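Take this sequence and fold it.
(2 chains)
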Amino acid sequence: MGAAIVHAANPRLSRRALLKSGGALVIGFGLVNPALAQVLAGAERLIGKPLDPGELDGFFAVHADGSVTLFSGKVDLGQGLRVAYKQIVAEELGIAPDRVFLVEGDTALTPDQGPTAGSTGVMRGGVQIRRAAATAREALIRIASEQLGLPAEELETANGEVRSKTGGKGIGFGALIGDRRFAMKVDAKAKLKDPDSYTVVGKPLPRPDVPAKVTGTHPFVHDFKLPGMLHGRSIRPPSVGAKLVSVDEGSIKHIPGARVVRVDDFLGVVAEDEWDAVSAAGALKATWSQSAPLVGNMGVRDWMLAGPFESDQKIVNKGDAAAALGAAGEKLEATYYWPIQTHGSMGPSCAVADVRDGAATVWSASQATHKFRNVYAKMLDLAPDKVRVIYLDGSGCYGMNGHDDAGADAILLARAAGRPVRVQWSRADEHGWDPKGPPQMLKMQAALTPEGKIAAWRAEMWIPKATAGLPNVPLLAALEAGIAQTPGIATGLISQNGDPPYAADNVEVLVHWLKDSPLRPSNIRAPGKIANSWAVESFVDELALKAGKDPLEFRLAGLSNPRGIEVLKRTAALIGWKPRTAPNRSGRGQGIAYVHYKHNETLVAIGMDVEVDRRTGAVRVHRIACAHDCGQVINSDALKLQIEGNILQTLSRTLFEEVAFDKSRVTSLDWASYPILTFPDAPEILIDVIDRPKEPPLGAGEAATTPVPGALANAILDAVGARLRAVPFSRERIKEALERGAA
Amino acid sequence: MAKFSLMVNGRVQSVDSRDPAQPLLYVLRNALGLTGAKYGCGLGQCGACTVLVDGEAVRSCQFPVSAAAGRKITTVEGLGTPDKPHPVQEAFIAEQAAQCGYCVNGMVMTSAALLQKNPKPTPDQAKEALAANLCRCGTHQRIVRAVMRAAGRA
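Numbers count the residues shown, from 1 in each chain, chains lettered A, B, ... in the order given. The predicted structure follows:
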C-alpha cells in the first residue's frame, strides 16, 4: 500500500484514477486537501512502470489529456527544484510549464538519480532530465511524422503539440502517445534545443508550491495522516551510548491507550492521540546506564590534534611547498577552527511508517529515499523491493538532519504496533540528536616572493573521516536496537577548496583524517568547504596585507579564470570597494572573498560592509554583495532566493553557532542556547546574477555559502584590526581579539 | 474527557481533550485538521505555530485549549486560500517569500497582526515585529519586502 504525491495537482489525471480505483483511496491529506487526496491515487495507477534512469519511461508519462508527469529521483527540499524541473521539461519538450507535473523521490515510481545533495539538483539531475525530455521530443516527432506523412525535420513541438514548422494544425501529445509507454532508451545523443531559442528556461517563473505554503495547505510530511495511524515518540537516552536498564510501564498507565515499545536499547511510546504520545514520552520513567564518552565542545581542538587518526592524505602536491617555505626568509602561519554545528531545521524531523504483511512503506523528507529504502529493508530484514520510501516535503534540512532517523524510529514503532505510526521529534531531540556538521581545523602556512606573490602555500587539515567503523552515517534507532545497517549517506566531500584558487608555484594540502568524530557527523550544507574556504580567504587577506597590496588587487593578480575575475570585479562594484593596504580601523569596514566551488563548479564572490562596536564586540552587517556565475540560469528569481538563503544561513553559522556538549550529551537543546540569525540582524543583500545561457548549468544550493565567513572576517579586520580565527564570531571573541591586538 | 467550544475561522467547533492543558496547536492540527500552524519548538521560541487569538499573534504551542475556549481564533487557513489569498498572503506570493515554507505560517500570521495595529510599518518596525520568528532558510529579506508590499510601501 502507499500513496504517491503528485506535486501541483493534475485534476484530470486524478478524476480518472478515482473512477478506475472505485474510490478506494489511501487518504493522506483528506482533512487538509481533498483534491490532493484524489491525486494520490493517480500516480498509484502507474506502479509497475519502468524505474531505470536509462529508460525514457523511467522519467516521463504522457497522459491522454496531453499533460506530462515527470518522475524525479531528486526532490525539492525548499530550494526550488520543482519549478526548475518544470521549466527544463517544458522548454525541451515544447509544452506549457503548468502542464508538467512532478512525482518526486518515490522509490516505487521514480528512477534513482542519487541523493539530492552536493548542489547537484540542476547540474546533474536537471541535465539528466533535459536529455530525457529531448529524447521524448524526438520520439513524439517521429510518431507524428508517420501519422502526418511529413518528414520529421519539418516538424517541431510547441504547446504540447507536434506541428509543421510552417504552421497548420498539430497533433497533441495525448493523441500521439497518451497513457502508452515510449518503450525506448534515453538517447545520449538526442539533440538539445539551442539556448538562443529558449522561451521558458531563464525566466523568473513563480514557484508552484508558494501559494499553498503561505496559505497553510502545502502537504508536509508532518501533516500526513493515514487511517488508523498512531502517534509515536522515540525516547533517546540521557547520555550518548547509555544502555536501557529498565522501563516502568506503569508510569504511563494514566494515559489511555499509550503503550511502550522497546527493542533492546531503542525506546518509544505510541498512542492514538498525538498529545497523549507527547505526554507519555514525558511521563515515562526509565533507568539508563551512566555514559560519558564525549570530549565536550571545549575539548574538541585538543582531541583533533591528538587523534586517533585513520590516515594522512596529501590531496594537493604541486612543486615543493615544504622546501619553498623552508627557503623563505619570512613565512606566515595561522590556524583556523570551525566548530560542530547543527542543521537547525525549524521543524523537528518527522516520518510516517506502515510495516505490515511483510512489506513497509515510509513517508519521509529524506534527501535520499532510494538509499534509505535499502537501509530500512536491512533493518526490517525485508527484501528492498518490499520497502517503499515516498518523499514528502519536510522542514528545510540542508543536509542529513534527523529525518532519516525519524524514519527508522517510525518503522520500529510501526512494526511493533502493527499499525501506521507517525513520529515527530521534539526540539530537544533535533538539537540534541540530529547528526552534526563535523568540526574542522586548518593550519595555513605561506611565504611571499620578493614581488609580493604567493611563493608557497601549505595547508594542513584535521577533519573527521566519517563515523567510526562505518563509511556512512548510522541511524540511531538501528544502533540502539542492535540491528546491522547498510550504508546510507556520507558526510560529503569535506576536504575540497582548502588550496587557494590563486596562482602559486608550490602548493601542498595535507589531510589528517581522524578516525572518529566528537558527535555523530553528517553532511551539512556545502560540506567542509565553508570552513576551508574561510581559512583560505582569510589567509589570502593576511598575505595581501603583508605584501602591502589591496586584498582585491592581490586576488585579481593571482587569478587567470576570466569568469572568476568577473565575479570579483562585479562584487567589488556592487559593494563600492575602497582599495586599502592596511585595515582602516574606523569601526566600519569592507571585506571580500571568492570561491571557485569544488574548483570546477560555480564561481562566487561576496563583499561585505560591516560595523563593529569595539565596546561590546557586536557586529552589525549593513550590506552583503554577491556576484554569482553558475553558468546557464534556469530560473533567475528562484536562483536569487537560493543565493539569499546561502548567504543568510552562513552568516548565522559564522556569527552565532556552535553546538555545546559535555562529556555525556549535547546541552544546547533549544533556540535560546543555540541562537541563530534573527530579523534585526538580517542585512541588505545585493545580488548580481551572471547568466551564461550557452554554458552548462551548475549548482546554486551551496556555492554562495562558502565566501561568507571569509568576507565577514576580512571586513571585521578592516573595521577594527581584529583577525578572527575561530567561529562563531561572538562578541566575546571579538573583544578578546581586540585586546590581543591580533593582526 | 472535557469538551471545549472553540470559535475557529468563524465557525464554532466542539472538541474533546482529555487534558485541558493540551496546547491549542495539537487540537488545531489533529482534531480540526488545520495543519497550517506547525510544531517548531514547543517553547514559544520560533513562532512556527502562530495563530491569532482575538486578533493577537499567539504561540499556539504554549496556549492551552482550555484558555482558547470562547476566544476568536484565526489560523492561516482562515486568513485566505490559494485561490483567494489574504493581502498578506498575496504579498508573500508576489515576493516569493518562502523556501521550505515550514516557518512561513508564523511569518504570515505575525505580519497580519502587525499590519492590523500598524498599517504602514517601516522595514525596521517589520523586522522588530518579526524578531522572535525564526527562519532557517534565509528568506528574511523577502519576508520584510512582503510586509512592505502588503502595507502598500513596496
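
need the strands for chain B, in chain order.
Using DSSP state E, the strands found in chain B span residues B:2-8, B:11-17, B:50-53, B:56-59, B:72-74.

Can you show me the CA trace of the third one as PDB?
Taking C-alpha atoms only, strand B:50-53 is exported to PDB below (Å, rounded to 0.1, in the frame of the first residue of the first chain):
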ATOM      1  CA  THR B  50       1.500  31.200  15.500                       C
ATOM      2  CA  VAL B  51      -2.300  31.800  15.300                       C
ATOM      3  CA  LEU B  52      -4.400  34.900  16.000                       C
ATOM      4  CA  VAL B  53      -6.500  34.800  19.200                       C
END
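
Who are the packing partners of that strand?
Using 3 or more C-beta pairs under 8 Å, 6 or more residues apart in numbering or on different chains; DSSP states H and E, the elements in contact with strand B:50-53 are strand B:56-59, strand B:72-74, helix B:104-117. Yep, even glycine has a C-beta here, placed from its N, CA and C like the rest.

what's the spacing between it and its chain's center?
Put simply, strand B:50-53 sits 5 Å off its chain's centre (C-alpha atoms, centre = their mean, to the nearest Å).

what's the average pLDDT for that strand?
For strand B:50-53, the mean per-residue pLDDT is 98.

The closest residue to A:Gly329 other than its chain neighbours: helix or strand, and which one exactly?
Take A:Gly329 and drop its neighbours on the chain: the residue closest to it by C-beta to C-beta, 6 or more residues apart in numbering or on different chains is A:Ala447, 7.9 Å away. In the assignment (DSSP states H and E), A:Ala447 maps to strand A:440-448.

Paired strands for that strand, with orientation please.
strand A:331-338 (antiparallel), strand A:454-464 (antiparallel) (DSSP bridges).

most packed of these?
strand A:454-464 (a mean of 24; mean count of other C-beta atoms under 10 Å in any protein chain shown).

Export only the CA atoms of that one, formatted as CSV.
Output of strand A:454-464 as CSV, limited to C-alpha atoms (Å, rounded to 0.1, in the frame of the first residue of the first chain):
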residue,chain,number,x,y,z
ILE,A,454,52.4,33.6,-3.3
ALA,A,455,55.7,31.6,-3.3
ALA,A,456,54.5,28.7,-1.3
TRP,A,457,51.3,27.6,0.4
ARG,A,458,50.8,24.7,2.7
ALA,A,459,47.5,23.7,4.3
GLU,A,460,47.1,21.0,6.9
MET,A,461,43.6,19.9,7.7
TRP,A,462,42.3,18.0,10.7
ILE,A,463,38.9,16.5,9.7
PRO,A,464,36.8,13.5,10.8
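
Not counting its neighbours along the chain, what's nearest the residue of the stretch 351-500 of chain A at minimum distance from chain B?
In the stretch 351-500 of chain A, no residue comes nearer to chain B than A:Gly396, which is 3.4 Å away by C-beta to the nearest C-beta. Spatially, and ignoring its direct neighbours in sequence, A:Gly396 is nearest to B:Cys100 (3.4 Å; C-beta to C-beta, 6+ apart).

care to break chain B down by domain?
Domain ranges of chain B: B:2-75, B:80-150, per automatic domain parsing.

And the residue of the stretch 351-500 of chain A closest to chain B, how far from A:Pro527?
Using C-beta to C-beta, to the nearest Å, one gets 16 Å for the distance from A:Gly396 to A:Pro527.

now A:Ile454
26 Å.

and what of A:Arg563?
Relative to A:Pro527, and taking C-beta to C-beta, A:Arg563 is found at 24 Å.

again with A:Asp265
A:Asp265 is 29 Å from A:Pro527, by C-beta to C-beta.

The two: who's more crowded?
A:Pro527 (25 against 19; other C-beta atoms under 10 Å in any protein chain shown).

unless I'm mixing things up, the more buried one is touching A:Pro435, no?
No: taking contacts as C-beta atoms under 8 Å, A:Pro527 lies outside contact range of A:Pro435: 11.8 Å.

Now do the same for A:Thr654: helix, strand or coil?
Classification of A:Thr654 using DSSP: H, G, I helix; E, B strand; the rest coil returns helix.

show me the contacts for the nearest residue to it once chain neighbours are set aside.
Spatial nearest neighbour of A:Thr654, excluding adjacent residues (C-beta to C-beta, 6+ apart): A:Pro709 at 4.2 Å. Counting by C-beta atoms under 8 Å, 6 or more residues apart in numbering or on different chains, A:Pro709 makes contact with A:Ile530, A:Ala531, A:Ser533, A:Trp534, A:Ser538, A:Ala593, A:Thr650, A:Arg653, A:Thr654, A:Val727.

Contact residues of the stretch 251-400 of chain A facing chain B?
Within the stretch 251-400 of chain A, the positions adjacent to chain B are A:256, A:273-276, A:278-279, A:344-348, A:393-396, A:398 by C-beta under 8 Å from any C-beta of the partner chain.
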